[in-house]
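In: compute the structure for the input listed below.
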Amino acid sequence: MAVSIIFYLFYFILCLVVPFASIYKVNKKVILIAILFVAQFNATAFFRVGITIGFFEIAILITFICLLIKYRIRANEIFISGSDKVFISFLFFSILSIIISSFRIFFKDLIPSNEYDTSPAIRSIMSLNKVIIFVPVLLFIRNYIYRDGQQEQNKNTFFYILALSGIIPSIAVILQSLNIGFQLIHNNPSFGEISHIETYNNIRPVGLSNEASFFAYSLFFSYMGVIEVLIRDNKKRRAMIGIILFYWIALVLTISRTGMLIFIVYSVYKFFSVQSFKPATVIKFAVIVIITGTILSNITIHSFNLADRFLSSFNVEADASTIERFGVTDALSKLLIDKSKILGIGIYDYGYYIKPYLPYYMNSIYYKPGESPPSFNFILQLIAELGPLLFIGMIASIIFVLKKADRFVKEWFIFLVLFALSFQILNFSIPFLILLYPTKKRENIIYN
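Out: Now for the predicted structure:
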């Protein structure tokens, strides 16, 4: 218990540092460190007021309020980046889907389940709260942090802090795997959790999240930061290689299939993006893959052989988690075909319609009235909720925006999409960190 208290105190201190740094003009890097680090802790929420309030929300809202009080703002000086436009586009098409689905319900073209007390339209708006709040707040904070306009230096700082932000959660994974009684308060309603204290003795480690795949998801973007620092700064090469190995150890201990797959895909992509595509390079890489694969395939953790665990992703009856993943994806496909051929059912409203489409092999899994199965394919969920027409429009607008975006921004959103094939990515604060990435040189853009 004492060990986990240290972790909570560390993140509480980070939240308290932010307003101090905002008010007393401490180095702006301190604000960036605090916000990027606290985004990794999502298992615990403190209360809910329309939006779930955890470490990340406390940090950015206090910073925003302090800056708003202390600095004047000119609307014509606010810079909107490509990342901002991606989230704004998502919000715009989401609102259109709410309007369309409301008309469909009014004309009885859609009949939502009566298991839920909240109307679909209200549920949709409530579920968009992170986008509605995080985008303007982080936009404001970003323009304050980077008011010096030193783009390349600011990028290097962002990458370095992002790279380090996964260390504390990875230490938590190591400690949880040692069965020393590490405890976390699991009560985040964004994941439908019932409040309880989880003691990690002989159970799968999850870092500072509530699932191993969620830890891997958060850690991945720190891993992106490590690779960027590795490529950009030879002086930090040895340290970054050490962090890479440390992150892989933590990832392997969680035996997250999704995480391992996407880490491998990204590693292959980055290797060939910086190396010339020559036979010698391919042979070198193949040797590394064979040696690494052989080592990993002979490791057994929590009674799971890593190779068998990875291959079980393709077996629908492997375990309850896999059954649910396949079953919900199957149900979303049928829901899309039956009710969303052109127009959708409303953003985040699949739960009102999905239960009749759950396949027979999910009969052993019970969802009480008012409870819907989690979505394990956010992309498919979006097609059903927006409808193919709006979904194509949204994707086209995002591609148009990203064509002019920084390479790292493009990579960020591409790998968000890959994770979105496995779960609902916007329940987390991690995707929004790209809003703090410096994408354009702007001097004194907001404040006097």
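In: where does residue 183 land in three-state SS?
Out: strand (DSSP: H, G, I helix; E, B strand; the rest coil).
In: what sits against it?
Out: Neighbouring residues of residue 183 by Cβ atoms under 8 Å, 6 or more residues apart in numbering: 1, 4, 197-200. Quick note: C-beta positions are derived from backbone N, CA and C, even for glycine.
In: name the nearest residue to it, ignoring sequence neighbours.
Out: Once flanking residues are discounted, residue 183 sits nearest to residue 4: 4.6 Å by Cβ to Cβ, 6 or more residues apart in numbering.
In: list the buried ones in the helix or strand the one you found falls within?
Out: Per DSSP states H and E: residue 4 is located in helix 2-23. The neighbour-count check on helix 2-23 (16 or more other Cβ atoms under 10 Å) flags 4, 7-8, 11, 14-15, 17-19, 21-22 as buried.
In: contacts for that helix, please.
Out: Applying Cβ under 8 Å, 6+ apart, the external contacts of helix 2-23 come out as 26-28, 30-31, 33-35, 37-38, 41, 44, 55, 58-59, 62-63, 66-67, 70, 168, 172, 175, 180-184, 208.
In: buried only: go through these for me.
Out: 28, 30-31, 33-35, 37-38, 41, 44, 55, 58-59, 62-63, 66-67, 168, 172, 175, 182-184, 208.
In: quick revisit: tell me what the next helix-or-strand element following the helix holding residue 4 is packed against?
Out: Note on helix 2-23: by DSSP H and E, the next helix or strand toward the C-terminus is helix 28-38. Secondary-structure packing of helix 28-38 (3 or more Cβ pairs under 8 Å, 6 or more residues apart in numbering; DSSP states H and E): helix 2-23, helix 55-70, helix 129-145, helix 151-164.
In: now the closest residue to residue 42 other than its chain neighbours: how far from residue 327?
Out: Once flanking residues are discounted, residue 42 sits nearest to residue 209: 5.4 Å by Cβ to Cβ, 6+ apart. According to Cβ to Cβ, to the nearest Å, residue 209 and residue 327 sit 23 Å apart.
In: neighbour count winner among these two?
Out: A direct count of neighbours by other Cβ atoms under 10 Å for residue 209 and residue 327 places residue 209 higher, at 27 against 21.
In: can you give me the strands for the stretch 251-400 of the chain?
Out: Using DSSP state E, counting those that start in this stretch, the strands of the stretch 251-400 of the chain run over 300-301, 304-305.
In: worst average pLDDT in those?
Out: Among those, strand 304-305 carries the lowest mean pLDDT, a mean of 62.
In: backbone dihedrals for residue 199, please?
Out: Main-chain torsions, residue 199, degrees, to the nearest 10: phi -100, psi 120.
In: skipping its backbone neighbours, what lies nearest it in space?
Out: residue 183 (5.1 Å).
In: just the pLDDT for that neighbour.
Out: Predicted confidence (pLDDT) for residue 183: 92.
In: from residue 178, how far off is the residue nearest to residue 183?
Out: Note on residue 4: its distance to residue 178, by Cβ to Cβ, is 13 Å.
In: what's the answer for residue 386, then?
Out: Distance, residue 386 to residue 178, using Cβ to Cβ: 45 Å.
In: more neighbours: which of the two?
Out: residue 386 (27 against 14).
In: hmm, residue 95 and that one touching each other?
Out: No: between residue 386 and residue 95 there is no contact under Cβ atoms under 8 Å: 10.7 Å.
In: residues near residue 234, how many?
Out: Look at residue 234: counted by other Cβ under 10 Å, it has 9 neighbours.
In: kindly report the same for the one 5 residues further on.
Out: Counted with other Cβ under 10 Å, residues neighbouring residue 239 total 16.
In: in TSV: the helices and strands packed on helix 28-38, plus distance to residue 410 and mean pLDDT.
Out: Converted to TSV, those look like this (distance: least, Cβ to Cβ, whole Å; pLDDT from 0 to 100):
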stretch	distance to residue 410	mean pLDDT
helix 2-23	29	84
helix 55-70	24	88
helix 129-145	18	91
helix 151-164	15	92
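In: which among those helices is found nearest to residue 255?
Out: Residue 255 lies closest, by Cβ to Cβ, to one member of those: helix 2-23, at 21.7 Å.
In: what angle separates that closest one from helix 28-38?
Out: 140 degrees (axes from the mean of the first three to the mean of the last three Cα atoms, to 10 degrees).
In: quick check: angle from helix 2-23 to helix 129-145?
Out: Between helix 2-23 and helix 129-145, the angle comes out at 60 degrees (the same axes, to 10 degrees).
In: one step back: so how far is residue 200 from the residue nearest to residue 183?
Out: Taking Cβ to Cβ, one finds residue 4 at 9 Å from residue 200.
In: can you list residues touching both of the two?
Out: 182-184.
In: nearest to residue 240 among those residues?
Out: Taking these together and measuring to residue 240 by Cβ to Cβ, the closest member is residue 182, at 27.0 Å.
In: ok, that closest one - contacts?
Out: The contact partners of residue 182, by Cβ under 8 Å, 6+ apart, come to 3-4, 172, 175-176, 199-200.
In: for residue 206, helix, strand, or coil?
Out: Residue 206 ends up coil, using three-state DSSP.
In: residues contacting it?
Out: By Cβ under 8 Å, 6+ apart, the contact set of residue 206 is 43, 173, 176, 184, 212, 214-215, 254.
In: who wins for neighbours among those residues?
Out: Neighbour max across those (other Cβ under 10 Å) = residue 215, 31 neighbours.
In: wait, that one touches residue 254, no?
Out: Yes: using Cβ under 8 Å, residue 215 is in contact with residue 254, at 5.6 Å.
In: find residues that contact each of these two.
Out: Common contacts of residue 215 and residue 254 (Cβ under 8 Å, 6+ apart): 173, 205-207.
In: buried residues, stretch 110-121. List them.
Out: Neighbour-count burial for stretch 110-121, counted by 16+ other Cβ under 10 Å, picks out 110, 112, 116, 120-121.
In: tell me which two of those sit farthest apart.
Out: 110 and 116, at 13.6 Å, using Cβ to Cβ across the buried residues of stretch 110-121.
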